[in-house]
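*Asks:* Starting from these lines, generate the structure:
(3 chains)
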Amino acid sequence: MRDMLRMIVVLSMLCGLSGFALSYLKMITAPRIEEQVLANVQGPAIKRVFPYAENDPIGERRRFEADGRSFIVFPVRSGGALVGVALEHGSKGYGGDVNIMVGFNIADDTLAGIGATTLKETPGLGMRIAEPAFTGQFPGQKAPVGLSSGGGVIDGVSGATISSAGAVGAVNNAAAVYARLKKDILAAWAQ
Amino acid sequence: MEIFQLFIAAVFVNNIVLAQYLGNCPYLGCSKERGVALGMGGAVIFVIVVSTFFTWIMQKCVLDPLGLGYLQTIVFIVVIAALVQFVEMFLKKMLPPLYAALGIFLPLITTNCAVMGVAILVQREEYDLLTSVLYGLASSMGFTLALLLMAGIRERLDTCRLPKAMAGTPIALIMAGLMSLAFMGFKGMAN
Amino acid sequence: MSVLKEFTKGLWKELPPFRLVLGLCPTLAVTNSAENGLGMGAAVVFVLTLSNMIISMVRHIIPAKVRIACFIVIAASLVVAVELLMQAYAYPLYQRLGIFVPLIVVNCIILGRAEAFAAKNGVAASAADGLGMGLGFTMSLTFLGSIREILGNGTWFGMAVMPEGYEPLRIMVQAPGAFICLGLILAGMNMLAFRQARRKGEQAEALARQQQGCGACGGCAACGAGARDAQAQ
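*Replies:* Predicted coordinates for the structure are as follows:
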C-alpha cells in the first residue's frame, strides 16, 4: 500500500514538474517561434510576390480584425512609399486547406501576385498550383477572379480542378478581406 | 477506390521501413526466423491500429481544444506506453492463445518508432479518424510484409558462406538497401 | 579519471551506432546531408546528457516498479524542450528533420543508457556517459551524412567539393543508399575489430561481441525486458 502511494506521488510529481517547466519554456519561446514560422513559411512566399520589397515585411507586420478573425498584414515598401500589402487566406482544396499569400498593389488594387504557403495537394497534380505556370496568371488581375471553365480569366491546372478552385477561392477571400481593411491599412502605415 | 489507393501507397510506395526509415530496430532484430517475424508483425499491426485510434482522439479532444499541441510528444508516448501495458494485461486474461503468440513482443513495441511515427504522421497529414486508423493498418501491414520478406531471405542466408565481417547486421542492412531499391520500383503507382 | 573513461568510451570503444547498434532509425533517416546529421546529433546530445543527469539525480527516489515510466516522462519532457528550442532558434533544421525530432524519445539510445547506466551511477559519471555517447552519435551521424552528401549530391555542408564533371549518385541520398552505406560501415567496423583482436589474440571475445551486435535491438530489448519485469512485480 505504501509502495503504491509512493509510486503515485513520485509519478505525479514528476509529471507536474515537467508540465510546469515546459509551459514556462513554451511561454518564453512562443514569440520567437511565431517569428521563425513567419520567416520560414510566409517569408519566402512574400518574397516571391514582392521581389522588389526594400523593407522587412515580417518585422513591420500588423494584425487587423475582419469578419471576427484576425489577419496579419505585411506591408511592402519601395522607395520609402507603401506600394503593396500581402495577406494570407485559405480555402478548401483537394487534400485540405489551400493557403495562399496574396499581394495587392496599393495604387490600383490589382493583384501583385500570389504564393502558396501551406498545401497538402496531390504531388505532381494539385501541387502544381504552386508553380509559376499557374501563379503567373494572377499579377495585374482585378479580384474577384474566376477559372476559365466558369468564364473567368484563370486557366486551372488540368486534372486538378478542385485544387485550382481552392487557390482561386483563397485569392478571392483574401481580396474580400483586403477591400474591407484597405482604409485601416492605409491609415496604419501612412506616416 | 481511395482506400485502395491509400493501402497501395502505404504498403508499397511509402513502405514504413523501406521508404520512411521507421521501425528499423525490430526490422533488423526480429527478422531471423519467419515465425518470430510473423509474431512481431502481428503485434505491431495490433498496437499501431489501437494506438493510432487513441492518440487521434487524445489529440483532437484534449490537446487541440486546450491549446496544448506542443505537449504532443510527451502525451503520445505516455498513451502508447500505457496502452501497450493494457493490451498485454488484457490479452493475458482474455485471449491466452493470442497472448502466447504475441506476448513476448509487446513490451518491445513501446520503443518501436513505427508506432509513435504513425501516430505523429497522421496528425501532420491531418487525416480524419477513419483514414488515420486505415493508414495505421496499412502501414503496419507494410511493416509486416517487409519483415517477412527479410526473414525469408535471412533464413536462406544462414546456409551461405559469408565473409566474417559481413555476417549479421551489416549484410542485413545491405539487403534492406536492395529491398528498398526494389520497392522504389512501385513509385508512381499511387501517392 | 573514471569520469574521463566514461566520457571517452562513447567516442570509440562503444561508439553508437557503429559499435553499439542502437538508434538506427534517425541514423538512416536524417543523414542525407552532413548538416542534418550534425543537427540531429546535437539534439540527441542535449537530451541524452540531461536525461542521464536527471535520472541519476532522482534514481534513489524512483520506485523500481515505475522506473521505466519515469524515464519515459523525463526523456519526453526533454524532447519537447528540444522541439521548442529548435523551433525558436533553428526552424529550417526543425522542418528538415521533421518527425524525427519528436521521435528522439523512442530512440533506443536514450532509454538504453538510462536503464544501463544512469540508473546505477552517480551524476558526474552519468553526465560524462551521456555526453560521450551523444558526441559519439553526433560524430557517426555527421560522418555518415558526409559520405552520403558527397557521393549523392557532390557537396559537403552545402559546399561543392566534387570536380566539375561529377555526376552525383542520387541513390545515396535516398533510402537504399542509407541502408547500404550503413551496412558497409558496420562491416568495416567489424573488420577493424577483428584485426585488433587478432593482434591481441582475443578472437573469441571479439566474436562474442560481434554476435551481440547482431541483435540490433539489444538496447530496446533491455528496455522491453525492464518494462516486463517492472510489470511482473
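*Asks:* The lowest-mean-pLDDT helix or strand in chain A: partners in the sheet, and parallel or antiparallel?
*Replies:* Every helix and strand of chain A was ranked by mean pLDDT, DSSP states H and E. The lowest is strand A:62-66, at a mean of 82. Strand A:62-66 has these partner strands in its sheet, going by DSSP bridges: strand A:69-78 (antiparallel).
*Asks:* What sits closest to residue A:133 if chain neighbours are left out?
*Replies:* Ranked by CB to CB, 6 or more residues apart in numbering or on different chains and with sequence neighbours excluded, the top spatial neighbour of residue A:133 is residue A:157, at 7.9 Å. From N, CA and C alone the C-beta is placed, and that goes for glycine too.
*Asks:* Just the buried positions in stretch C:68-75, please.
*Replies:* C:68, C:69, C:70, C:71, C:72, C:73, C:74, C:75 (16 or more other CB atoms under 10 Å in any protein chain shown).
*Asks:* near chain B, anything from that stretch?
*Replies:* Yes. Applying CB under 8 Å from any CB of the partner chain, one finds stretch C:68-75 touching chain B at C:68, C:69, C:72, C:73.
*Asks:* Also stretch C:103-115?
*Replies:* Yes. Using CB under 8 Å from any CB, stretch C:103-115 comes into contact with chain B via C:103, C:105, C:106, C:107, C:108, C:111.
*Asks:* would you list those residues in CSV and tack on neighbour count, secondary structure and pLDDT?
*Replies:* Rendered in CSV, the data for those read as follows (neighbours: other CB atoms under 10 Å in any protein chain shown; DSSP: H, G, I helix; E, B strand; the rest coil; pLDDT from 0 to 100):
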residue, neighbour count, secondary structure, pLDDT
C:103, 24, helix, 92
C:105, 26, helix, 90
C:106, 33, helix, 87
C:107, 31, coil, 85
C:108, 29, helix, 81
C:111, 27, helix, 87
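*Asks:* Just put these in JSON lines and tack on distance to residue A:105.
*Replies:* Below are those laid out as JSON lines (distance: CB to CB, whole Å):
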{"residue": "C:103", "distance to residue A:105": "45"}
{"residue": "C:105", "distance to residue A:105": "48"}
{"residue": "C:106", "distance to residue A:105": "51"}
{"residue": "C:107", "distance to residue A:105": "51"}
{"residue": "C:108", "distance to residue A:105": "56"}
{"residue": "C:111", "distance to residue A:105": "57"}
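*Asks:* number of nearby residues for residue A:29?
*Replies:* The tally of other residues near residue A:29 (other CB atoms under 10 Å in any protein chain shown) stands at 20.
*Asks:* biggest strand in chain A, by residue count?
*Replies:* The single longest strand within chain A, with elements called by DSSP state E, is strand A:81-92.
*Asks:* Report the buried residues of that one.
*Replies:* A:82, A:83, A:84, A:85, A:86, A:87, A:88, A:89, A:90, A:91.
*Asks:* follow-up on the earlier one: would you mind putting the buried residues of stretch C:68-75 into JSON lines with pLDDT and distance to chain A alongside?
*Replies:* Compiled in JSON lines, these are given as follows (pLDDT from 0 to 100; distance: CB to the nearest CB, whole Å):
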{"residue": "C:68", "pLDDT": "84", "distance to chain A": "11"}
{"residue": "C:69", "pLDDT": "85", "distance to chain A": "6"}
{"residue": "C:70", "pLDDT": "89", "distance to chain A": "6"}
{"residue": "C:71", "pLDDT": "90", "distance to chain A": "10"}
{"residue": "C:72", "pLDDT": "89", "distance to chain A": "10"}
{"residue": "C:73", "pLDDT": "90", "distance to chain A": "5"}
{"residue": "C:74", "pLDDT": "92", "distance to chain A": "7"}
{"residue": "C:75", "pLDDT": "92", "distance to chain A": "10"}
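*Asks:* Out of those residues, which comes closest to chain B?
*Replies:* residue C:72 (5.8 Å; CB to the nearest CB).
*Asks:* Could I get the CA-only coordinates of whatever helix or strand that closest one lives in as PDB?
*Replies:* Using DSSP states H and E, residue C:72 sits within helix C:67-89. C-alpha atoms of helix C:67-89 as PDB (Å, rounded to 0.1, in the frame of the first residue of the first chain):
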ATOM      1  CA  ARG C  67      11.200   3.500 -13.200                       C
ATOM      2  CA  ILE C  68      10.600   2.900 -17.000                       C
ATOM      3  CA  ALA C  69       7.600   5.100 -16.900                       C
ATOM      4  CA  CYS C  70       9.600   7.800 -15.000                       C
ATOM      5  CA  PHE C  71      12.400   7.500 -17.500                       C
ATOM      6  CA  ILE C  72      10.000   8.000 -20.400                       C
ATOM      7  CA  VAL C  73       8.400  11.000 -18.800                       C
ATOM      8  CA  ILE C  74      11.800  12.600 -18.200                       C
ATOM      9  CA  ALA C  75      13.000  11.900 -21.700                       C
ATOM     10  CA  ALA C  76       9.800  13.000 -23.300                       C
ATOM     11  CA  SER C  77       9.900  16.300 -21.400                       C
ATOM     12  CA  LEU C  78      13.400  17.000 -22.600                       C
ATOM     13  CA  VAL C  79      12.400  16.100 -26.200                       C
ATOM     14  CA  VAL C  80       9.600  18.600 -26.000                       C
ATOM     15  CA  ALA C  81      12.000  21.200 -24.700                       C
ATOM     16  CA  VAL C  82      14.300  20.500 -27.700                       C
ATOM     17  CA  GLU C  83      11.400  20.800 -30.100                       C
ATOM     18  CA  LEU C  84      10.500  24.200 -28.700                       C
ATOM     19  CA  LEU C  85      14.100  25.400 -28.700                       C
ATOM     20  CA  MET C  86      14.700  24.200 -32.200                       C
ATOM     21  CA  GLN C  87      11.500  25.900 -33.500                       C
ATOM     22  CA  ALA C  88      12.700  29.100 -31.900                       C
ATOM     23  CA  TYR C  89      16.400  29.100 -32.900                       C
END
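*Asks:* Quickly check: the following helix or strand past it near chain A or not.
*Replies:* Going down the chain from helix C:67-89, the next helix or strand is helix C:91-97, by DSSP H and E. Yes. Contact of helix C:91-97 with chain A (CB under 8 Å from any CB) involves C:91, C:92, C:95.
*Asks:* Now helix C:91-97: buried residues?
*Replies:* C:91, C:93, C:94, C:96, C:97.
*Asks:* excluding its backbone neighbours, what's nearest the fourth one?
*Replies:* Excluding the flanking residues, the one nearest residue C:96 by CB to CB, 6+ apart is residue C:36, at 5.8 Å.
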